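K.L.:
Below is the sequence, then the predicted model.
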Amino acid sequence: MNWISRKIHLYNVTMGLYMLDWWERYLFNILILVLLWFIFYNGSRSASEFYNSYLKPKLLVDGKFVV
């Protein structure tokens, strides 16, 4: 058993996916991927908005960085 197949097996056992059918496993994995995409996408938008509205004006004075 190579490293990747061990990690897949560990994921299946940890999440309890080993007892599901193949189509239920795929459906669960798709839902997890959509959830992760939603979290990362909105997190990056929030971080960008925070940087542009709060940090960037404080770092720039007359177009120059202040240390």
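P.N.:
Arrived safely. Numbering: from 1, shown residues only.
K.L.:
Low-confidence ranges, the chain, go.
P.N.:
The model of the chain has pLDDT under 70 over residues 57-67.
K.L.:
Just the strands from it, written as ranges.
P.N.:
Secondary structure of the chain (DSSP state E): strands at 60-61, 64-65.
K.L.:
measure residue 39 to residue 45 for me?
P.N.:
11 Å (C-beta to C-beta, to the nearest Å). C-betas here are computed from N, CA, C, even on glycine.
K.L.:
Residue 17 now?
P.N.:
Computed with C-beta to C-beta, the distance linking residue 17 and residue 45 is 31 Å.
K.L.:
Which of those two has more residues huddled nearby?
P.N.:
The residue with more neighbours, out of residue 17 and residue 45, is residue 17; 14 against 10, by other C-beta atoms under 10 Å.
K.L.:
Return the distance of the more buried one relative to residue 34.
P.N.:
Taking C-beta to C-beta, one finds residue 17 at 16 Å from residue 34.
K.L.:
For the chain, which segments count as helices?
P.N.:
Remark: helices assigned in the chain by DSSP state H are 3-15, 22-50, 56-59.
K.L.:
Alright, I will stop here.
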